[in-house]
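Q: here's my sequence, what's the structure:
(one chain, ligands or ions: 2)
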Amino acid sequence: MLEPGATIGILGGGQLGRMIAMAAARLGYRAHVFAGEGDSPAAQVAATATVGAYDDPHKLDEFAAAVDVATFEFENIPADAVRRVAARKPVMPRPEILEITQDRLREKGFLNGIGVATTSYQEVGDLAALARALASLEGRAVLKSARMGYDGKGQVAVHPGTSPDGAWLRMGSGRGILERFVDFQCEVSVVVARGEDGAMAAYPPVENRHVNHILDTTIAPASLSVAQMREAESIARDIATRLDLLGVLAVEMFVTRDGRLLVNELAPRPHNSGHWTIDACATSQFEQLVRAICGLPLGSTERHADAVMKNLIGDEVHTWRQAIAEPGAQVHLYGKRAVRPGRKMGHVTRLLPRR
Ligand SMILES: Nc1ncnc2c1ncn2[C@@H]1O[C@H](COP(=O)(O)OP(=O)(O)O)[C@@H](O)[C@H]1O
Ligand SMILES: [Mg+2]
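A: Ligands and ions are numbered 1, 2, ... in the order given. The predicted model follows:
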């Protein structure tokens, strides 16, 4: 067990790192952030920060030497950087999990391999393969870059008449995945924490509404049937177990119009759809991560309120003034100076009596 006073290394400097560092501080741990830029949202609230590139071995070694355990807050940290740190200090979740989830083809292959349903998909390795796939396409599909996508980046909606050249260019990467379009009823996610002894704690499934492929609003809990709520949670627990996860995992799912659950993607870290847990649950997703990687018992996921979490994206951040004056609205701002369209600047959680 790592006692309070120990240093938790966080690879990545975004808002997830910021909220991990805040949860760590609450339990008496020190956070040490590794990020590409100074004054990152995470570094602003951490005890220590290293500014360095992920391909700078000296900076990575300096970071590894200074921490007792490390985690990551961002999926697209180069695997080599994570492996280098892991050769020197424990990294949790283990780097192999990060590598599976960094590649949509590997991720879906893993899921199907353990019997978890996803939409049907095929690999498209080059433009010629895309042209062939489009020629035999039935119905709509989504072309995604296999790696480095987030917030809908690297995704192109396609249909049987789409020109392969244009779609390939817009995807903008060497290897793609062509997924059958899911005409979903809604999107849900489950955040689950798993500790050292295999103990698990899951939050209830929540509903996620996206605008321009970016999460806009999370409604906690989701309004699914009791059976679907159980199934979603059990899928998430099963994946966490099969990954031998130590940490926190988010599982994004589609609920199809005929009521099936298809897993869309995994994130082996706290997730935007779990931000509501800070204000509405006994233990937040960020504290669960700290507990799991420090070998502490997991906390209760009991929620004392239902919640609606609204992301403040781009210019929406200016509405913080109204929100802060609103009784019961919990305002979270990430300390980002530059407002850019599509950039997550903060969020507001509104609590409601439990249904
Ligand atoms: N196969 C699909 N069918 C229908 N909608 C999709 C599909 N794939 C992605 N989407 C939509 O785009 C959003 C973002 O895609 P996702 O695969 O989660 O990538 P990321 O979150 O990494 O950008 C999803 O939450 C969903 O709304
Ligand atoms: Mg997603």
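
Q: from now on I want contacts and neighbour counts done on CA atoms only, so please keep to that.
A: Noted.

Q: in whichever strand or helix holds residue 96, what's buried?
A: Element membership for residue 96, per DSSP states H and E: helix 95-101. By 16 or more other CA atoms under 10 Å, the buried positions in helix 95-101 come out as 95, 97-101.

Q: tell me the mean pLDDT for stretch 156-164?
A: Mean pLDDT, stretch 156-164: 91.

Q: ok, so of the buried residues of helix 95-101, who is nearest ligand 1?
A: Using CA to the nearest ligand atom, residue 101 is the member of the buried residues of helix 95-101 that lies nearest ligand 1, at 10.1 Å.

Q: for the closest one, give me its contacts.
A: 75, 107, 265-268 (CA atoms under 8 Å, 6 or more residues apart in numbering).

Q: where do the strands sit along the stretch 101-250 of the chain?
A: 121-124, 141-145, 155-158, 176-180, 184-194, 200-202, 206-211, 214-220, 247-256 (DSSP state E, counting those that start in this stretch).

Q: so what strands line up beside the shortest one?
A: Here strand 200-202 has these sheet partners by DSSP bridges: strand 184-194 (antiparallel).

Q: the strand it pairs with and ligand 1, any residue contact?
A: No: Strand 184-194 does not reach ligand 1 (CA under 6 Å from any ligand atom); its nearest approach is 6.8 Å.

Q: keeping just the C-alphas, turn that strand into PDB.
A: Extracted C-alpha coordinates of strand 184-194, given in PDB (Å, rounded to 0.1, in the frame of the first residue of the first chain):
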ATOM      1  CA  PHE A 184     -29.000   4.000 -31.700                       C
ATOM      2  CA  GLN A 185     -31.800   4.800 -29.300                       C
ATOM      3  CA  CYS A 186     -29.300   6.400 -26.900                       C
ATOM      4  CA  GLU A 187     -25.700   6.200 -25.800                       C
ATOM      5  CA  VAL A 188     -24.800   5.100 -22.300                       C
ATOM      6  CA  SER A 189     -21.600   4.500 -20.400                       C
ATOM      7  CA  VAL A 190     -20.500   2.800 -17.300                       C
ATOM      8  CA  VAL A 191     -17.500   3.700 -15.200                       C
ATOM      9  CA  VAL A 192     -16.000   0.900 -13.100                       C
ATOM     10  CA  ALA A 193     -13.100   0.900 -10.700                       C
ATOM     11  CA  ARG A 194     -11.100  -2.200 -10.000                       C
END
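
Q: coming back round to it: got the buried residues of helix 95-101 as a markdown table, with pLDDT and distance to residue 27 columns?
A: Listed next are the buried residues of helix 95-101 as a markdown table, based on pLDDT from 0 to 100; distance: CA to CA, whole Å:
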| residue | pLDDT | distance to residue 27 |
| --- | --- | --- |
| 95 | 97 | 25 |
| 97 | 97 | 26 |
| 98 | 97 | 26 |
| 99 | 96 | 30 |
| 100 | 97 | 31 |
| 101 | 96 | 29 |
